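got a predicted structure here, sequence first:
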Amino acid sequence: MTSRLNSVIDRRRLLQGTASVGGLSLFGLAGCATGSGRPRYDAIVPPLAPVRAHADRLFDITVCLRPFRAAGPRLDTEQVGDTLVVHNYGHGGSGWSLSWGSSTIAVGKAMASSPREVAVIGCGALGLTSAILAQRAGAKVTIYARDLLPQARSARATGSWTPSSRICLESVAGPGFATLWEQMARTSHKTYRNYLGLPGKPVEWTDRYNVSDISREEQRARRTPDPLGFAEYDHLIADLNPAPQLLPRGGTPFDAPFVYRSESMMFNIADYGHTLMTDFFAAGGEFRRTEFHTPAELGLLKEKVVINCPGYAARALWRDESIVPVRGQIAWLIPQGEVNYGVTYKNVSVLSRTDGIVVQAVEGGDMKGYKDDNETVDRAEADKAVATVAELYSRFRRG
């Protein structure tokens, strides 16, 4: 890990060295600091349109249950009669982010005996990526699920690249899991490269702004301690995302002493999901609307290799009490095509997608929603989050 980090640091030093001549930064801009204090020349903020955060612009509120496992995703195999079942579930808040990497591992196990036909259980993030990868490996694939993606819990995700969000408890997963996680994260990140620039922008990079009255260091110091010990592995892939950049005071439309800009990948899930389903069906995939109640029912399928991706439903189907629900709610504001960034302010996260502006209360960090299986909409929570966003934009300086 040390050699990789040194390589990243050396590359960034090279970029910084070529960005200035005779001590003058490009474009004549004063350097602004990154989160680690390194100077940056690109302090210009592009024109930002304000989010129209009003309660009467809320057109939907959705709730999902993230399937958290303290030991990390389940990726082992078992026999159900004469059927090989490869498990691929329990990714917490990292399902979309790790899907290609996790599914690569699952499909590798499923295709070890070169089956001609493969069944996939579930039509969410893990189910669709497993199905597509199995097709690419030469199998005829049928997805068995109660719902297609638009009705599945995966469709209610925020759409951010968050590969270590509630992925495991470090003390339970053990030291070896970090290597596996990094493998999944890097495989997924590389695969998402193939979806950039497509019509509908299924995957894209966007700027994110952290707006606060206190510095990042103070924010970290005030953070409520995590009593469980959720793993934090992002340092292992630090080379994949630019470092956060502290922008000059007054250099943004946000009226706050500390504004940090970062860049992150995001998924416009309506477009991205449609792309995945189109690819699956175009390659000859089939869908059977089915609801399973016991594992024994999988042994009755005509396919004798099954990739099991039921998400939170695994708790009931497999009587797997290692799956813990983590409730998450999203308030949806009407889309604004002119808003192409995300912002975090006072424990509220805002992310503009093509299918709506996602507003989510995130106070409490990883413990928010933990062990809460209530999927009932909380209108008061949504209104409060939108009001916080409205407060931010009431002081927004229009250019």
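Everything's here; your move.

what about the closest residue to residue 64 other than its chain neighbours, how many residues nearby?
Sequence neighbours aside, residue 156 is the residue nearest to residue 64 in space, at 3.8 Å (criterion: Cβ to Cβ, 6 or more residues apart in numbering). The C-beta positions use only the backbone N, C-alpha and C, and glycine is treated the same way. Each residue near residue 156 was counted by other Cβ atoms under 10 Å, and the total is 20.

quick check on residue 156: phi, psi?
Note on residue 156: its backbone torsions stand at phi -100, psi 10 [degrees, to the nearest 10].

correct me, but it touches residue 331?
No. Taking Cβ atoms under 8 Å as the definition, residue 156 is not a contact partner of residue 331, at 11.8 Å.

now do the helix or strand harbouring residue 102, average pLDDT.
Under the criterion DSSP states H and E, the helix or strand holding residue 102 is helix 95-110. If you average the pLDDT over helix 95-110, you get 98.

what of stretch 190-207?
96.

next, the buried residues of that stretch.
Using 16 or more other Cβ atoms under 10 Å as the test for burial, stretch 190-207 gives 191-192, 195, 201-204, 206-207.

show me which of those is closest to residue 88.
residue 191 (15.4 Å; Cβ to Cβ).

any regions of the stretch 1-150 of the chain where pLDDT drops low?
The model of the stretch 1-150 of the chain has pLDDT under 70 over residues 1-41.

what ranges do the strands span in it?
Here the stretch 1-150 of the chain has its strands, by DSSP state E, counting those that start in this stretch, at 20-21, 24-25, 32-33, 39-40, 58-69, 77-80, 83-87, 117-121, 140-145.

most tightly surrounded among the ones you listed?
strand 117-121 (a mean of 26; mean count of other Cβ atoms under 10 Å).

and the contacts of it?
Strand 117-121 is contacted by residues 110-111, 127, 130-131, 134, 139-145, 292, 298, 301-310 when judged by Cβ atoms under 8 Å, 6 or more residues apart in numbering.

dump the residue contacts of the nearest residue to residue 196 once chain neighbours are set aside.
Of all residues not flanking residue 196 in the chain, residue 203 sits nearest, at 5.5 Å (Cβ to Cβ, 6+ apart). By Cβ under 8 Å, 6+ apart, the residues touching residue 203 are 192, 195-196, 265-268, 272.

quick one: the helices in this structure?
Counting by DSSP state H, the chain has helices at residues 2-18, 95-110, 125-136, 170-173, 177-192, 216-222, 269-282, 314-317, 379-394.

got a markdown table for these, with distance to residue 356 too?
Converted to a markdown table, the helices of the chain look like this (distance: least, Cβ to Cβ, whole Å):
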| stretch | distance to residue 356 |
| --- | --- |
| helix 2-18 | 35 |
| helix 95-110 | 16 |
| helix 125-136 | 18 |
| helix 170-173 | 34 |
| helix 177-192 | 21 |
| helix 216-222 | 27 |
| helix 269-282 | 9 |
| helix 314-317 | 28 |
| helix 379-394 | 13 |
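
and residue 55, which of the ones you listed is closest to it?
Nearest of these (Cβ to Cβ): helix 379-394, 5.5 Å.

ok now that closest one, how far from the chain's centre?
23 Å (Cα atoms, centre = their mean, to the nearest Å).

in it, what counts as buried?
382, 385-386, 388-389, 392-393.

again, but for stretch 262-276
Buried, per 16+ other Cβ under 10 Å, within stretch 262-276: 262, 264-273, 275-276.

widest-spaced pair of the residues you listed?
262 and 276 (26.7 Å).

to what extent is residue 114 buried, counted in neighbours?
9.

residue contacts, it?
With Cβ under 8 Å, 6+ apart, residue 114 has these contacts: residue 138.

change it to 7 Å
By Cβ atoms under 7 Å, 6 or more residues apart in numbering, no residues touch residue 114.

now it, what are its backbone angles?
Here residue 114 shows phi and psi, under degrees, to the nearest 10, equal to phi 50, psi 50.

ok, and the closest non-adjacent residue to residue 277?
Nearest to residue 277 is residue 149, by Cβ to Cβ, 6+ apart, at 6.2 Å.

okay, now residue 122: neighbour count?
The burial count for residue 122: 30, using other Cβ under 10 Å.

correct me, but it touches residue 310?
Yes. Contact status for residue 122 versus residue 310: in contact at 4.7 Å, counting by Cβ atoms under 7 Å.

quick one: the residue nearest to residue 49 when sequence neighbours are not counted from residue 50, how far?
Nearest residue to residue 49, sequence neighbours excluded (Cβ to Cβ, 6+ apart): residue 338, at 4.0 Å. In this view, residue 338 and residue 50 are 9 Å apart by Cβ to Cβ, to the nearest Å.

repeat for residue 188
For residue 188, the distance to residue 50 - Cβ to Cβ - is 33 Å.

again with residue 222
Note on residue 222: its distance to residue 50, by Cβ to Cβ, is 28 Å.

if we can go back for a sec, same list (the buried residues of stretch 190-207) but as JSON lines, adding distance to residue 242.
Putting those into JSON lines (distance: Cβ to Cβ, whole Å) gives the following:
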{"residue": "191", "distance to residue 242": "20"}
{"residue": "192", "distance to residue 242": "16"}
{"residue": "195", "distance to residue 242": "20"}
{"residue": "201", "distance to residue 242": "20"}
{"residue": "202", "distance to residue 242": "22"}
{"residue": "203", "distance to residue 242": "17"}
{"residue": "204", "distance to residue 242": "15"}
{"residue": "206", "distance to residue 242": "12"}
{"residue": "207", "distance to residue 242": "10"}
